[in-house]
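Asker: return atomic coordinates for the entry below.
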Amino acid sequence: MHPSLHAATTPDKPAYIMAGSGEVVTFGELEAQSNRLAHFFRKSGLKTGDCVAIFMENNRYFFQATWAAQRSGLYYTCISSRLTAGEVAYILKDSGAKILISSRTMAPVATAALADVPGVKGLMVDGDAPGFQKLDSALAGMPTTPIADQAAGGDMLYSSGTTGKPKGVKGPLSGLPITEGGPLLGMVKLLYGIDDRSIYLSPAPLYHAAPLRYCMSVQRYGGTCIIMEHFEAEAALAAIARYRVTHSQWVPTMFVRMLKLDETARTRHDLSSHVCAIHAAAPCPMEVKRKMIAWWGPIIHEYYAGTEGNGFVYCNSEQWLAHPGTVGRAILGEIHIVGEDGKDVPVGEEGMVYFANGPVFEYHNDPERTQASRNARGWSTLGDVGKLDGEGFLYLTDRKAFMIISGGVNIYPQETENVLIGHPKVADVAVIGVPNEEFGEEVKAVVQPVNWRDATPE
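Answerer: Below you'll find the predicted structure:
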């Protein structure tokens, strides 16, 4: 499956729509623009296995760039739009990107980053900036037909983890035709029923692994993506109603914000088209998930996975209600809970979560971190702590690196965060450890109030 196939059969069907502006990009337009950009890549000397970087907010050009790279056999590194110029420059150097594609919105940071990385060509999609060529002039005269040597490229995304500089997750290119998708493509159809009739709401930044990969999977099947430029709680509900959204994907913070809307705002939108809501990326407080299932019905699906793609754990609403707090059972890779001694711990006991017999990954230019993610048996971990029940359902405690040790006691911030986020006046919260002379560390909560005006320490 591939957007190029849908461009041939349904060229006028929207491949994606920008929810805020209403801009529509059809499969025909996506095909023409990604082909023209692929020709530009080849004219610029890029060959299979090279890398391009994309540093943009959610906009209409984003998927034109990723699909152009995908059909050119290139790695595409999507960079967080929240990074500083120095951080962007580091990723450009580390990834070996030959071209930086950016936008007018990101131009001040992009210009400063590009100045620090000689030899990288700049391409500006919707404006002008020093060191950048305008997209329109770059693509002038480029054919809208495919390049002669199409090959399947893939993403190389940077996972910041919790310490040190971000690390690029680089898998081998498949060498397959551009129409062949990876393991995620089959899973989105099997688990969520995504097909050419799907209308998929993506409220998160596209530089993240899940929004990027799921949107591209929907487009492979010929479905339509609704891309929010920025997440706003009621605007997301309005988009479901307006576009008759069938599928969506969220992070728990978005659930919290929608639940904290007043009753009128929560109930004024017709959500009857919505048959599948997926969530991941962070542990979801149990009370939040119960309320979401009560509100939206048993349409909520959860998974646990990482940018590294070394395993995939899944549960639907019925499984979660039978095993409250679980993130599901493994459907890609085998889960092992490993203690400090490197051995599997008994059922119900906590330890590091490892995947065995799953896909292999490496951190680009960082063999030490790659090695640190493996144990002696070759299993890999994302750094999370959890436990299994007798039926093989996984429960996550927190990330090992987030653990606070206070007076010799291990404290995981997630439990405290789950309590605080339930308070009606709390919009968001992060719990961290700070130095304490007597106990070594103490627990500190950083709270974002729903309304700053009535915020009090209590």
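Asker: how deep is the nearest residue to residue 144 once chain neighbours are set aside tucked in, by neighbour count?
Answerer: Once flanking residues are discounted, residue 144 sits nearest to residue 32: 4.0 Å by Cβ to Cβ, 6 or more residues apart in numbering. For every residue, glycine as well, the C-beta is placed using N, CA and C. Using other Cβ atoms under 10 Å, residue 32 is surrounded by 19 other residues.
Asker: which parts of the longest helix seen in the chain are buried?
Answerer: Criterion DSSP state H: the longest helix present in the chain is helix 27-43. Neighbour counts using 16 or more other Cβ atoms under 10 Å place 27-41 of helix 27-43 among the buried residues.
Asker: helices or strands up against it?
Answerer: Packing partners of helix 27-43 (3 or more Cβ pairs under 8 Å, 6 or more residues apart in numbering; DSSP states H and E): helix 3-9, strand 14-18, helix 62-70, helix 135-139.
Asker: please repeat the previous calculation with a cut-off of 6 Å.
Answerer: Under the contact criterion of 3 or more Cβ pairs under 6 Å, 6 or more residues apart in numbering; DSSP states H and E, helix 27-43 touches helix 3-9, helix 62-70, helix 135-139.
Asker: mind listing what residue 175 touches?
Answerer: With Cβ atoms under 6 Å, 6 or more residues apart in numbering as the criterion, no residue contacts residue 175.
Asker: mind running it again at 10 Å?
Answerer: Counting by Cβ atoms under 10 Å, 6 or more residues apart in numbering, residue 175 touches 48, 73, 151, 152.
Asker: buried subset of the residues you listed?
Answerer: Those of the contacts of residue 175 that meet the buried threshold are 73, 151, 152, by 16+ other Cβ under 10 Å.
Asker: can you redo the residues you listed as CSV with secondary structure and distance to residue 394?
Answerer: Output for the buried ones among the contacts of residue 175, formatted as CSV (DSSP: H, G, I helix; E, B strand; the rest coil; distance: Cβ to Cβ, whole Å):
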residue, secondary structure, distance to residue 394
73, coil, 36
151, strand, 37
152, coil, 32
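Asker: now, among the residues you listed, which is nearest to residue 443?
Answerer: Distance to residue 443, by Cβ to Cβ, is smallest for residue 152 among those, at 47.4 Å.
Asker: from residue 219, how far out is that closest one?
Answerer: Separation of residue 152 from residue 219 (Cβ to Cβ, to the nearest Å) stands at 15 Å.
Asker: what about residue 236, which helix or strand?
Answerer: Element membership of residue 236 [criterion: DSSP states H and E] is helix 233-243.
Asker: following that helix, which helix or strand comes up?
Answerer: Next helix or strand after helix 233-243 toward the C-terminus (DSSP H and E): strand 247-250.
Asker: quick one: contacts of the helix or strand that comes right after that next one?
Answerer: Following strand 247-250 in sequence order, the next helix or strand is helix 252-259 (DSSP H and E). With contact meaning Cβ under 10 Å, 6+ apart, helix 252-259 is reached by 203-204, 231-234, 236-237, 248, 250, 265-266, 277, 279-285, 287-289, 291-292, 295-296, 300, 302, 418, 421-422, 424, 426-429, 450.
Asker: tilt between helix 252-259 and helix 233-243?
Answerer: Computed by axes from the mean of the first three to the mean of the last three Cα atoms, to 10 degrees, the angle separating helix 252-259 from helix 233-243 equals 90 degrees.
Asker: what number of residues lie near the residue lying closest to residue 292 once chain neighbours are set aside?
Answerer: In space, and not counting its chain neighbours, residue 292 is closest to residue 255: 5.2 Å by Cβ to Cβ, 6+ apart. Counted by other Cβ under 10 Å, the residues lying close to residue 255 total 23.
Asker: checking my notes, residue 385 in a strand, right?
Answerer: Yes: counting by DSSP: H, G, I helix; E, B strand; the rest coil, residue 385 is located in a strand.
Asker: can you count the residues close to it?
Answerer: Number of residues near residue 385 (other Cβ under 10 Å) recorded here: 21.
Asker: excluding its backbone neighbours, what's nearest it?
Answerer: Nearest-residue entry for residue 385: residue 397, 4.3 Å, with adjacent residues in sequence omitted and distances by Cβ to Cβ, 6+ apart.
Asker: quick one: which helix or strand includes the one you found?
Answerer: Using DSSP H and E, residue 397 maps to strand 394-399.
Asker: what is the mean pLDDT for that strand?
Answerer: Averaging pLDDT along strand 394-399 yields 82.
Asker: just the buried residues of the contacts of helix 252-259.
Answerer: Those of the contacts of helix 252-259 that meet the buried threshold are 203-204, 231-234, 236-237, 248, 250, 266, 277, 279-281, 283-285, 288-289, 291-292, 296, 300, 302, 418, 421-422, 426-427, 429, by 16+ other Cβ under 10 Å.
Asker: could I get stretch 355-366 in CSV with only the CA atoms?
Answerer: Coordinates of each C-alpha in stretch 355-366 appear next as CSV, following Å, rounded to 0.1, in the frame of the first residue of the first chain:
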residue,chain,number,x,y,z
PHE,A,355,11.7,-7.4,25.2
ALA,A,356,13.0,-10.7,23.8
ASN,A,357,12.8,-11.8,20.2
GLY,A,358,11.5,-8.4,19.0
PRO,A,359,12.9,-6.2,16.2
VAL,A,360,16.5,-5.0,16.7
PHE,A,361,17.5,-1.4,16.8
GLU,A,362,20.6,0.7,17.4
TYR,A,363,21.2,4.2,18.6
HIS,A,364,23.0,6.1,15.8
ASN,A,365,26.6,6.9,16.5
ASP,A,366,26.2,5.6,20.1
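Asker: mind checking how far it is from the chain centre?
Answerer: Relative to its chain's centre, stretch 355-366 lies at 18 Å (Cα atoms, centre = their mean, to the nearest Å).
Asker: with stretch 295-309 instead?
Answerer: Remark: stretch 295-309 is offset 12 Å from the chain centroid, using Cα atoms, centre = their mean.
Asker: stretch 242-253 too?
Answerer: The answer for stretch 242-253 is 14 Å, by Cα atoms, centre = their mean.
Asker: endpoints of that stretch, how far apart?
Answerer: Terminal residues of stretch 242-253 lie 23 Å apart, using Cα to Cα, to the nearest Å.
Asker: what pairs with residue 335 across the strands?
Answerer: With DSSP bridges as the criterion, residue 335 is bridged to residue 355.
Asker: just checking, it touches residue 396?
Answerer: No: at 11.1 Å, residue 335 does not count as touching residue 396 under the criterion of Cβ atoms under 10 Å.
Asker: which neighbours do these two share?
Answerer: Common contacts of residue 335 and residue 396 (Cβ under 10 Å, 6+ apart): 304, 313, 353, 386.
Asker: residue 220 and residue 26, how far apart?
Answerer: Computed as Cβ to Cβ, the residue 220 to residue 26 distance reads 16 Å.
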